[in-house]
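> 3D model of this:
(one chain, ligands or ions: 2)
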Amino acid sequence: MFRFTGDASEKNFLRQVIDKSGQNLLECLQCGKCSGSCPVASENVPGPRQLVAEILSGLKDEALSNPLWWYCVSCGTCMTRCPVEINMYEVATALCEIAQKEGVQPSEPDIHLFEEIFLKSVEKYGRVKELRTVATYNFRTRHFLKDMDKGIILMRKGAISPFELLKGWKKDPRVSRIFEKVRKGGQGE
Ligand code: SF4
Ligand code: SF4
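Ligands and ions are numbered 1, 2, ... in the order given. The predicted structure follows:
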(Lines give C-alpha, C1' and ligand atoms only; values in the text may rest on other atoms or scores of the structure.)
(Ligands and ions follow the chains in the order given, each with its own letter.)
Protein backbone atom coordinates (compact mmCIF):
# COMPACT_ATOMS: atom_id res chain seq x y z
CA MET A 1 0.00 0.00 0.00
CA PHE A 2 1.09 3.63 -0.47
CA ARG A 3 2.31 5.55 2.54
CA PHE A 4 5.10 7.99 3.32
CA THR A 5 7.76 5.50 2.29
CA GLY A 6 9.59 7.13 -0.65
CA ASP A 7 12.64 9.38 -0.70
CA ALA A 8 12.53 12.95 0.63
CA SER A 9 11.32 14.56 -2.64
CA GLU A 10 8.54 11.98 -3.02
CA LYS A 11 7.35 12.54 0.54
CA ASN A 12 7.54 16.31 0.03
CA PHE A 13 5.34 16.16 -3.05
CA LEU A 14 2.71 14.08 -1.28
CA ARG A 15 2.77 16.38 1.74
CA GLN A 16 2.59 19.46 -0.52
CA VAL A 17 -0.54 18.16 -2.33
CA ILE A 18 -2.22 17.16 0.95
CA ASP A 19 -1.48 20.54 2.55
CA LYS A 20 -2.54 22.61 -0.46
CA SER A 21 -5.71 20.64 -1.22
CA GLY A 22 -6.78 19.96 2.37
CA GLN A 23 -7.63 16.41 1.28
CA ASN A 24 -6.24 13.48 3.23
CA LEU A 25 -5.19 11.29 0.32
CA LEU A 26 -3.68 8.79 2.77
CA GLU A 27 -7.24 7.63 3.45
CA CYS A 28 -7.76 6.61 -0.20
CA LEU A 29 -8.79 2.96 -0.47
CA GLN A 30 -8.06 2.76 -4.21
CA CYS A 31 -11.58 1.42 -4.65
CA GLY A 32 -12.02 3.18 -8.02
CA LYS A 33 -15.54 4.48 -7.39
CA CYS A 34 -14.34 7.96 -8.41
CA SER A 35 -12.97 6.76 -11.76
CA GLY A 36 -16.14 4.81 -12.45
CA SER A 37 -18.22 7.98 -12.22
CA CYS A 38 -15.89 10.73 -13.48
CA PRO A 39 -17.37 12.27 -16.67
CA VAL A 40 -14.01 13.24 -18.14
CA ALA A 41 -12.21 9.92 -17.57
CA SER A 42 -11.76 8.09 -20.87
CA GLU A 43 -9.36 5.99 -22.88
CA ASN A 44 -7.01 9.00 -23.06
CA VAL A 45 -7.68 10.59 -19.68
CA PRO A 46 -6.98 8.38 -16.64
CA GLY A 47 -9.55 8.50 -13.85
CA PRO A 48 -9.03 10.10 -10.42
CA ARG A 49 -8.02 6.78 -8.80
CA GLN A 50 -4.88 6.62 -10.93
CA LEU A 51 -4.01 10.24 -10.22
CA VAL A 52 -4.31 9.64 -6.47
CA ALA A 53 -2.13 6.52 -6.80
CA GLU A 54 0.56 8.56 -8.59
CA ILE A 55 0.52 11.23 -5.87
CA LEU A 56 0.59 8.63 -3.08
CA SER A 57 3.55 6.95 -4.76
CA GLY A 58 5.40 10.27 -4.98
CA LEU A 59 5.40 10.12 -8.80
CA LYS A 60 5.51 13.88 -9.20
CA ASP A 61 6.32 14.01 -12.95
CA GLU A 62 3.56 11.52 -13.77
CA ALA A 63 1.02 13.34 -11.59
CA LEU A 64 1.88 16.76 -13.05
CA SER A 65 1.64 15.45 -16.60
CA ASN A 66 -1.59 13.56 -15.91
CA PRO A 67 -4.26 15.27 -18.09
CA LEU A 68 -7.09 14.60 -15.59
CA TRP A 69 -6.62 17.66 -13.45
CA TRP A 70 -6.60 19.95 -16.53
CA TYR A 71 -9.84 18.39 -17.71
CA CYS A 72 -11.58 18.22 -14.32
CA VAL A 73 -14.88 20.09 -14.55
CA SER A 74 -15.32 20.25 -10.75
CA CYS A 75 -18.64 18.42 -10.90
CA GLY A 76 -18.01 16.78 -7.50
CA THR A 77 -19.31 13.37 -8.59
CA CYS A 78 -16.12 11.66 -7.40
CA MET A 79 -16.48 13.13 -3.91
CA THR A 80 -20.14 12.14 -3.72
CA ARG A 81 -19.25 8.53 -4.43
CA CYS A 82 -15.95 8.38 -2.53
CA PRO A 83 -16.28 6.40 0.74
CA VAL A 84 -13.80 8.77 2.43
CA GLU A 85 -15.09 11.93 0.72
CA ILE A 86 -11.94 12.97 -1.09
CA ASN A 87 -12.64 16.09 -3.15
CA MET A 88 -10.69 15.74 -6.39
CA TYR A 89 -11.49 19.28 -7.46
CA GLU A 90 -9.38 20.54 -4.56
CA VAL A 91 -6.62 18.12 -5.55
CA ALA A 92 -6.81 19.31 -9.18
CA THR A 93 -6.56 22.95 -8.06
CA ALA A 94 -3.53 22.13 -5.87
CA LEU A 95 -1.79 20.38 -8.78
CA CYS A 96 -2.57 23.31 -11.06
CA GLU A 97 -0.93 25.72 -8.59
CA ILE A 98 2.14 23.50 -8.21
CA ALA A 99 2.43 23.09 -12.01
CA GLN A 100 2.15 26.83 -12.62
CA LYS A 101 4.78 27.56 -9.97
CA GLU A 102 7.15 25.02 -11.52
CA GLY A 103 6.49 26.10 -15.12
CA VAL A 104 4.90 22.79 -16.20
CA GLN A 105 3.09 23.23 -19.50
CA PRO A 106 -0.54 22.05 -19.79
CA SER A 107 -1.02 18.65 -21.41
CA GLU A 108 -3.52 20.40 -23.70
CA PRO A 109 -1.56 23.46 -24.95
CA ASP A 110 -4.62 25.51 -25.96
CA ILE A 111 -6.60 24.87 -22.76
CA HIS A 112 -6.23 28.47 -21.55
CA LEU A 113 -7.55 29.78 -24.86
CA PHE A 114 -10.62 27.53 -24.55
CA GLU A 115 -11.15 28.79 -21.00
CA GLU A 116 -10.99 32.40 -22.21
CA ILE A 117 -13.51 31.82 -25.04
CA PHE A 118 -15.83 29.84 -22.71
CA LEU A 119 -15.85 32.57 -20.06
CA LYS A 120 -16.39 35.32 -22.64
CA SER A 121 -19.52 33.53 -23.83
CA VAL A 122 -20.83 33.24 -20.25
CA GLU A 123 -20.01 36.88 -19.52
CA LYS A 124 -21.73 38.13 -22.66
CA TYR A 125 -24.78 35.90 -22.93
CA GLY A 126 -25.21 34.53 -19.41
CA ARG A 127 -24.60 30.98 -20.67
CA VAL A 128 -22.33 29.08 -23.01
CA LYS A 129 -23.26 29.17 -26.67
CA GLU A 130 -21.82 25.76 -27.44
CA LEU A 131 -21.50 25.90 -31.20
CA ARG A 132 -20.24 29.47 -31.24
CA THR A 133 -17.69 28.64 -28.52
CA VAL A 134 -16.34 25.59 -30.34
CA ALA A 135 -16.35 27.34 -33.74
CA THR A 136 -14.36 30.27 -32.29
CA TYR A 137 -11.93 27.89 -30.60
CA ASN A 138 -11.40 25.85 -33.77
CA PHE A 139 -10.92 29.02 -35.82
CA ARG A 140 -8.36 30.50 -33.42
CA THR A 141 -6.41 27.23 -33.13
CA ARG A 142 -6.64 26.67 -36.92
CA HIS A 143 -8.14 23.21 -36.39
CA PHE A 144 -11.19 24.02 -38.46
CA LEU A 145 -12.73 20.54 -38.57
CA LYS A 146 -11.82 19.39 -35.04
CA ASP A 147 -14.63 17.38 -33.38
CA MET A 148 -16.86 17.87 -36.41
CA ASP A 149 -17.99 14.21 -36.11
CA LYS A 150 -19.18 14.80 -32.53
CA GLY A 151 -20.91 18.04 -33.57
CA ILE A 152 -22.89 16.21 -36.26
CA ILE A 153 -24.06 13.60 -33.73
CA LEU A 154 -25.16 16.36 -31.32
CA MET A 155 -27.02 18.18 -34.11
CA ARG A 156 -28.81 14.98 -35.15
CA LYS A 157 -29.94 14.49 -31.56
CA GLY A 158 -31.11 18.11 -31.35
CA ALA A 159 -28.63 18.99 -28.58
CA ILE A 160 -27.18 21.88 -30.61
CA SER A 161 -28.53 23.80 -33.58
CA PRO A 162 -26.54 25.06 -36.61
CA PHE A 163 -28.79 28.16 -36.57
CA GLU A 164 -27.08 29.21 -33.34
CA LEU A 165 -24.28 30.67 -35.48
CA LEU A 166 -26.67 32.70 -37.62
CA LYS A 167 -29.08 34.27 -35.20
CA GLY A 168 -28.25 37.17 -32.94
CA TRP A 169 -28.24 36.57 -29.20
CA LYS A 170 -29.61 38.72 -26.50
CA LYS A 171 -26.92 39.84 -24.11
CA ASP A 172 -27.44 39.32 -20.41
CA PRO A 173 -26.15 42.38 -18.51
CA ARG A 174 -26.82 40.75 -15.10
CA VAL A 175 -24.05 38.21 -15.65
CA SER A 176 -21.73 40.84 -17.16
CA ARG A 177 -22.15 42.86 -13.98
CA ILE A 178 -21.06 39.87 -11.84
CA PHE A 179 -17.90 39.52 -13.95
CA GLU A 180 -17.27 43.24 -13.59
CA LYS A 181 -17.61 43.04 -9.79
CA VAL A 182 -15.22 40.07 -9.61
CA ARG A 183 -12.65 41.97 -11.73
CA LYS A 184 -12.90 44.86 -9.31
CA GLY A 185 -12.42 42.44 -6.39
CA GLY A 186 -16.00 42.68 -5.11
CA GLN A 187 -18.51 39.96 -4.39
CA GLY A 188 -20.75 38.40 -7.09
CA GLU A 189 -24.49 38.89 -6.89
S1 SF4 B 1 -13.40 6.87 -4.56
FE2 SF4 B 1 -12.14 7.81 -2.94
S3 SF4 B 1 -11.24 6.08 -1.87
FE4 SF4 B 1 -11.99 5.28 -3.81
S5 SF4 B 1 -10.21 5.44 -5.22
FE6 SF4 B 1 -11.39 7.31 -5.45
S7 SF4 B 1 -10.41 8.79 -4.05
FE8 SF4 B 1 -9.75 6.73 -3.42
S1 SF4 C 1 -14.78 16.63 -9.87
FE2 SF4 C 1 -13.28 16.32 -11.53
S3 SF4 C 1 -12.24 14.39 -11.04
FE4 SF4 C 1 -14.17 14.47 -9.86
S5 SF4 C 1 -15.69 13.41 -11.12
FE6 SF4 C 1 -15.86 15.59 -11.58
S7 SF4 C 1 -14.50 15.88 -13.34
FE8 SF4 C 1 -13.94 13.90 -12.45
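> please, where are all the strands along this protein?
Using DSSP state E, no strands are found in the chain.
> buried residues, stretch 63-77. List them.
For stretch 63-77, a neighbour-count test (16 or more other Cβ atoms under 10 Å) marks 63, 64, 66, 67, 68, 69, 70, 71, 72, 77 as buried. Just so you know, the C-beta spots here come from the backbone N, C-alpha and C atoms, and that holds for glycine as well.
> farthest-separated two in the residues you listed?
Farthest apart among the buried residues of stretch 63-77 by Cβ to Cβ are 64 and 77. That separation is 23.3 Å.
> now distance to residue 28 too, for the buried residues of stretch 63-77, in a markdown table please.
Output for the buried residues of stretch 63-77, formatted as a markdown table (distance: Cβ to Cβ, whole Å):
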| residue | distance to residue 28 |
| --- | --- |
| 63 | 13 |
| 64 | 18 |
| 66 | 15 |
| 67 | 20 |
| 68 | 15 |
| 69 | 15 |
| 70 | 21 |
| 71 | 20 |
| 72 | 16 |
| 77 | 16 |
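> can you list those in a markdown table and add pLDDT and distance to ligand 1?
Below are those laid out as a markdown table (pLDDT from 0 to 100; distance: Cβ to the nearest ligand atom, whole Å):
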| residue | pLDDT | distance to ligand 1 |
| --- | --- | --- |
| 63 | 93 | 14 |
| 64 | 92 | 18 |
| 66 | 91 | 14 |
| 67 | 90 | 17 |
| 68 | 91 | 12 |
| 69 | 87 | 13 |
| 70 | 85 | 18 |
| 71 | 87 | 16 |
| 72 | 89 | 13 |
| 77 | 94 | 10 |
